[in-house]
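Visitor: Sequence and predicted structure are below.
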Amino acid sequence: MIALPAFRLMHPTTLAEAARLAAEPDARLIAGGTGLLPNLRLGLGKPRTLVSLDRLEELRGISHSNSHLRIGAGVTLEQLSRSEDIPDALREAAKLVAAPGHRTAATLGGNLCLDTRCVYYNQSEHWRRSNNYCLKYGGDTCHVAPQGKKCRAAFSGDLAPALLALEAQVETTARVIPLEELYRDDGAAHLALAAGEIVVAVRIPAPKGRSGYAKARGRGAIDYPLAGVAMALALRDGCVEHLCVALTGTNSRPFVLNGTEAFIGGKPDQAALGKLVQKQAGPVRTTVIAADYRRQAAAILARRLLGRLSQGDESWT
């Protein structure tokens, strides 16, 4: 770790002011800072301005309307983990992020905008310099996939897959879009936000059945997901009426699993779902854990989660 770079810290009191400051060159937004500050201490970025969001009341609060549940981007993960007003998948995901101390500071918006991670990126300045840096920051080669021209750093936020499975929308200072459109499949530039555009809230429609989230990680606390799976499931007479599955930790963006419409009308099939996950999960050597282990872990998590939501336990087909 190194000392933080010199910067000016701004405390705007309106979204308009925050957006204007965030659009300035070399400006970064900061809320809880649980992801940003460790990166800065590793020398990953030297912003001239940090724009604090802590005084923006528009980012706080959880409210209901006839069409959706709205959660402000400034709501902390601790609040989410204790709220009985939100779907199970989101509450379970919030409970599994980092440690209790982190969750009291970390925010919904911060977790959605979490930087991608890689074993070649999240290292000290000295370590990265000795390896000629990497494509994501300071270099021109992706050490994970040196023959390619694309950064393969993995997105490892826990809340995004839960909200994707719940078919959430994201509200920014400029627009309202499906959450999936917030992300690009590019580890170096994974957020589709314009300069100065700020995530304000998420909107979740009425849940379709039950939902849940599960993750694999190296330790039982603190660690980012090696693979994470969220699911929303509705059954009618024992057959699938609705199924949406989303993944994190395996690709450069969180994504909704394709092909789940094939399960509609049939009995929940854990084995078939596991195979579908293995085909679409694309982990590479971005962690010290083998990529194939993470792919298989994602498949097993999906199978178990389908069993839990459909039968109330983790039985296997």
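Guide: Sure, I can see it. Residues are numbered from 1 along each chain as shown.
Visitor: helices or strands up against whichever helix in the chain runs longest?
Guide: Of all segments of type helix in the chain, defined using DSSP state H, the longest is helix 291-311. Counting contacts by 3 or more C-beta pairs under 8 Å, 6 or more residues apart in numbering; DSSP states H and E, helix 291-311 packs against strand 210-216, strand 227-236, helix 270-280. C-beta coordinates here come from the backbone N, C-alpha and C atoms, glycine included.
Visitor: Please state the offset of that helix from the chain centre?
Guide: Relative to the mean C-alpha coordinate of its chain, helix 291-311 is positioned 18 Å out (C-alpha atoms, centre = their mean, to the nearest Å).
Visitor: before we move on, the earlier item: residue 173 is nearest to which of the helices and strands packed on helix 291-311?
Guide: Among those, the nearest to residue 173 by C-beta to C-beta is strand 227-236 (26.4 Å).
Visitor: Of all the residues in whichever helix or strand comes after the closest one, which ones are buried?
Guide: On the C-terminal side of strand 227-236, the closest following helix or strand by DSSP states H and E is strand 239-248. Buried residues in strand 239-248, counted by 16 or more other C-beta atoms under 10 Å: 240, 242, 243, 244, 245, 246, 247, 248.
Visitor: of all those, which comes closest to residue 6?
Guide: Among these, residue 248 lies closest to residue 6 (C-beta to C-beta), at 34.2 Å.
Visitor: excluding its backbone neighbours, what's nearest residue 98?
Guide: residue 222 (5.4 Å; C-beta to C-beta, 6 or more residues apart in numbering).
Visitor: Would you mind giving both backbone torsions of the one you found?
Guide: Residue 222 has phi and psi values of phi 70, psi -40 when expressed as degrees, to the nearest 10.
Visitor: That one: neighbouring residues, count only.
Guide: For residue 222, the neighbour count with other C-beta atoms under 10 Å is 12.
Visitor: what's the offset of stretch 265-275 from the middle of its chain?
Guide: Relative to its chain's centre, stretch 265-275 lies at 25 Å (C-alpha atoms, centre = their mean).
Visitor: Residue 119 is in contact with residue 288, correct?
Guide: Yes: between residue 288 and residue 119 there is a contact under C-beta atoms under 8 Å: 6.0 Å.
Visitor: more neighbours, the two?
Guide: Counted by other C-beta under 10 Å, residue 288 and residue 119 do not tie: residue 119 has more neighbours, with 16 against 8.
Visitor: give the contact list for that one.
Guide: 285, 286, 287, 288 (C-beta atoms under 8 Å, 6 or more residues apart in numbering).
Visitor: Surely the second one is in a helix?
Guide: No: if the criterion is DSSP: H, G, I helix; E, B strand; the rest coil, then residue 286 is coil and not within a helix.
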